[in-house]
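Trainee: based on what follows, work out the 3D shape:
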Amino acid sequence: MEILEAIAKRRSVRAYTDRPVERSIVTKLIKAAIQAPSAMNRQPWAFGVVEGREPLARYSEAARVQYLQELGSTPEDEGMRKHLEAPGFNMYYNASTLIIILSRTAEGSQGEEDCSLAAQNVMLAACAEGLATCAIGFARPWLNSPEGRRQAGIPDGYTAVFPIIVGYASDEVPPVPRKAPDMLFWR
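Mentor: Got it, this is the predicted structure:
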């Protein structure tokens with residue numbers, strides 16, 4: 001698959017089959033990730049991989065409980081509460097694999113940006129391999145909490161920056177209309 005085709009075809013998928021992603025493919029995706037550029041070539045990333053629907057369901061439930069305890073009473077909080085209390089809620093959408101892109105916190109101030117570039121490589125490489133992905137930013141606060149770090153095995157000195165679920169889509173996801181580029185200038 002050509003790169004421009006992968007860019008146009010990649011979607012955020014929220015429904016997965018129970019077919020596991022082979023470790024060799026996950027390794028291939030991580031090798032693609034580390035080809036990303038990084039500020040001053042620091043390459044601040046590290047990777048955590050969680051395999052299996054069961055641990056991801058446990059993580060989702062633990063995060064759900066934490067979020068519900070922290071919600072206030074604003075209209076936005078009430079909307080989030082409805083989302084979190086919906087039957088069958090699973091922030092990982094029953095995917096079989098989670099790749100957590102972590103930043104070594106001692107590597108400088110642009111670790112998050114660098115890890116985001118690596119994440120784009122993961123998602124495009126997954127698309128080229130016939131896999132579906134979805135960035136799960138909602139998972140970050142729990143993964144960086146003491147309990148989340150303990151359960152996921154994230155060591156001190158690392159911050160979860162970009163969690164991405166990976167798996168086989170259960171349905172085709174149609175393209176999402178895009179706005180025309182907002183060009184402010186061209187000199």
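Trainee: is residue 49 in a bridge, and if so with what?
Mentor: Under DSSP bridges, the beta-bridge partners of residue 49 are residue 99.
Trainee: any idea which helix or strand carries residue 8?
Mentor: helix 3-9 (DSSP states H and E).
Trainee: centre of the chain to that helix, how far?
Mentor: 19 Å (CA atoms, centre = their mean, to the nearest Å).
Trainee: cool, and stretch 14-23?
Mentor: Using CA atoms, centre = their mean, the offset of stretch 14-23 from its chain centre is 14 Å.
Trainee: straight-line length of it, end to end?
Mentor: With CA to CA, to the nearest Å as the measure, stretch 14-23 spans 21 Å from end to end.
Trainee: stretch 178-187 too?
Mentor: Terminal-residue distance, stretch 178-187 (CA to CA): 24 Å.
Trainee: contacts for stretch 66-83 next, please.
Mentor: With contacts defined as CB atoms under 8 Å, 6 or more residues apart in numbering, stretch 66-83 is touched by 84, 85, 89, 141, 142, 145, 147, 148. (Glycine included, C-beta is placed from N, CA and C.)
Trainee: kindly recompute the last result at 7 Å.
Mentor: Outside stretch 66-83, the residues within contact range by CB atoms under 7 Å, 6 or more residues apart in numbering are 84, 142, 145.
Trainee: helix, strand or coil for residue 20?
Mentor: coil (DSSP: H, G, I helix; E, B strand; the rest coil).
Trainee: now it: how far from residue 68?
Mentor: Counting by CB to CB, to the nearest Å, the separation of residue 20 from residue 68 is 30 Å.
Trainee: again with residue 186
Mentor: Counting by CB to CB, the gap from residue 186 to residue 68 is 48 Å.
Trainee: who's more crowded, these two?
Mentor: Neighbour count, other CB atoms under 10 Å: between residue 186 and residue 68, residue 68 has more, with 13 against 4.
Trainee: so the more buried one lies in a strand, does it not?
Mentor: No. Assessed with three-state DSSP, residue 68 is helix; it does not lie in a strand.
Trainee: and the lengthiest strand in the chain, what does it pack onto?
Mentor: Identified as the longest strand of the chain according to DSSP state E is strand 158-167. Judged by 3 or more CB pairs under 7 Å, 6 or more residues apart in numbering; DSSP states H and E, the packing partners of strand 158-167 are strand 97-104, helix 111-128, strand 132-135, helix 140-143.
Trainee: could you dump these into a markdown table with mean neighbour count added?
Mentor: Listed next are those as a markdown table, based on neighbours: other CB atoms under 10 Å:
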| stretch | mean neighbour count |
| --- | --- |
| strand 97-104 | 24 |
| helix 111-128 | 21 |
| strand 132-135 | 23 |
| helix 140-143 | 20 |
